[in-house]
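1. I would like the atomic coordinates for the input below:
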Amino acid sequence: MRLLVTGATGKLGTKIVDALLKTVPANQLAVSVRNPEKAEGIKTRGVEVRQGDFDRPETLDTAFKGIDRLLIISADGDNETRIRQHTNAVSAAERAGVKFIVYTSIVNARESKNMLAPTHKATEGAILKTGIPYSFLRNNWYLENESSSIQGVLAGAPWVTSAGTGKVGWALQQDYAEAAAAVLAGNGHENTIYELSGKLFTQKEFASALGAVLGKEVPVHQVDDASYAEVIKGAGVPEFLIPFLVGIQKDIREGTLEIESSDFEKLLGRPAAPLGEGLSQIVKSIQ
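-> Residues are numbered from 1 along each chain as shown. Model prediction:
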């Protein structure tokens, strides 16, 4: 049985490989990465490193050859680019005779109005079209996505948001990684969908939990989208990222991440780490 993880040098991918190596012999695991030289650390652990570029389908044919179970970690970029890249990966998996595809999606992908959802809806559709057994890991929101804002609070800034009372199911990447490893290496996950969310919290509740970790009150400034854009621009956020970050605030405000689920418990035998525990880890990593 040969397993392969794409994007294995990314932050999530690295954690997934670490989790897999706790239960899977290294000689049964391979990774596909755009730049193999960045995967030297993985190679030294006995894992086969293959070159695979989602923009060059011929490299994926080689990367996926002889693989039984494949984890496609969603790529970065705009929806059009990601849909093209993911479709390339799915087509290559079909040509290679892969027997099981796991894909990191977004919560409520098929119906979601979230700005990121079109990529995931299209990729899930492409996988379903192949007829290959699948598992869709519909991830909510990485707690690590808030690191720069947490850093701002540590420097004395308030928690600024235009997300209103919208709720998010934050969880640590480590929990998402362990869930992905459990599905890729485990049995009985064919043709499944897991909605992976931590406990739901508003921005105000998040700031309160952060304040408890820091031992100080974190003031919350609720603003409109235009004001939020000005604030993050003033904080040095690159111009090209601002529409994306404002769009995420709008999506949260409109409830697109407000998906409650106990699927983490199904896969890990426990819920996702509590918010305060996760925030403590992130604060320690920043300080």
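2. what's the closest non-adjacent residue to Lys233?
-> Closest residue to Lys233 apart from its sequence neighbours, by C-beta to C-beta, 6 or more residues apart in numbering: Ile242 at 6.0 Å. Glycine gets a C-beta too; all of them are placed from N, C-alpha and C.
3. Do you know the pLDDT at that neighbour?
-> If you check Ile242, the pLDDT there is 97.
4. residues in contact with it?
-> Residues in contact with Ile242 (C-beta atoms under 8 Å, 6 or more residues apart in numbering) are Ala229, Ile232, Lys233.
5. Drop anything exposed from the residues you listed.
-> Taking 16 or more other C-beta atoms under 10 Å as the criterion, what is buried in those is Ala229, Ile232.
6. Mind putting the contacts of Ile242 into CSV with distance to Met115, pLDDT and secondary structure?
-> Output for the contacts of Ile242, formatted as CSV (distance: C-beta to C-beta, whole Å; pLDDT from 0 to 100; DSSP: H, G, I helix; E, B strand; the rest coil):
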residue, distance to Met115, pLDDT, secondary structure
Ala229, 15, 98, helix
Ile232, 16, 95, helix
Lys233, 19, 95, helix
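7. Adding distance to His120, write the contacts of Ile242 out as CSV.
-> Shown next, in CSV, are those (distance: C-beta to C-beta, whole Å):
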residue, distance to His120
Ala229, 25
Ile232, 25
Lys233, 29
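8. My read is that Gln287 contacts Val153, right?
-> No: between Gln287 and Val153 there is no contact under C-beta atoms under 8 Å: 11.9 Å.
9. neighbour count winner among these two?
-> With neighbours defined as other C-beta atoms under 10 Å, Gln287 and Val153 compare such that Val153 has more, 21 against 7.
10. returning to what we had before: can you tell me which of the contacts of Ile242 is nearest Gln174?
-> Closest approach between the contacts of Ile242 and Gln174, by C-beta to C-beta: Ile232, at 26.8 Å.
11. And the helices in the stretch 51-200 of the chain?
-> 57-63, 79-96, 117-130, 147-154, 173-185 (DSSP state H, counting those that start in this stretch).
12. helices or strands next to the shortest one in the packing?
-> Right, the one you point to is helix 57-63. strand 48-51, helix 79-96 (3 or more C-beta pairs under 8 Å, 6 or more residues apart in numbering; DSSP states H and E).
13. now swap in the last one and tell me
-> With contacts defined as 3+ C-beta pairs under 8 Å, 6+ apart, the secondary structure elements packing on helix 173-185 are strand 3-6, helix 11-20, strand 69-72, strand 100-106, strand 134-139, strand 192-196, helix 263-268.
14. State the next helix or strand along the chain beyond the last one.
-> Meaning helix 263-268. Downstream of helix 263-268, the first helix or strand assigned by DSSP states H and E is helix 275-286.
15. Contacts for that next one next, please.
-> Helix 275-286 is contacted by residues 143-144, 146-147, 150-151, 154, 170-172, 198-199, 201, 206, 209-210, 212-214, 272-273 when judged by C-beta under 8 Å, 6+ apart.
16. How far off centre is that helix?
-> Its chain's average C-alpha position is 18 Å from that of helix 275-286, according to C-alpha atoms, centre = their mean, to the nearest Å.
17. do the same with stretch 178-196
-> 15 Å.
18. ok, and what's touching it?
-> 3, 5, 12, 16, 19-20, 22-24, 69, 71, 100, 102, 104, 107-108, 133-140, 171, 175-176, 259, 261, 263-264, 266-268, 272.
19. Buried residues, it. List them.
-> Buried, per 16+ other C-beta under 10 Å, within stretch 178-196: 178-185, 189, 192, 194-196.
20. First-to-last residue distance for it?
-> By C-alpha to C-alpha, to the nearest Å, the extent of stretch 178-196 from end to end equals 12 Å.
21. what do you get for stretch 268-276?
-> End to end - C-alpha to C-alpha - stretch 268-276 spans 19 Å.
22. sorry, back to before: among the helices of the stretch 51-200 of the chain, which is nearest Val220?
-> Nearest to Val220, of the helices of the stretch 51-200 of the chain and by C-beta to C-beta, is helix 147-154 at 10.4 Å.
23. still on that earlier bit, so which of the helices of the stretch 51-200 of the chain is the most surrounded?
-> helix 173-185 (a mean of 23; mean count of other C-beta atoms under 10 Å).
24. What are the contacting residues of stretch 46-58?
-> 4, 6, 17, 21, 26-27, 29-34, 36, 39, 42-43, 59-60, 62-64, 75, 84-86, 88-89, 91-92.
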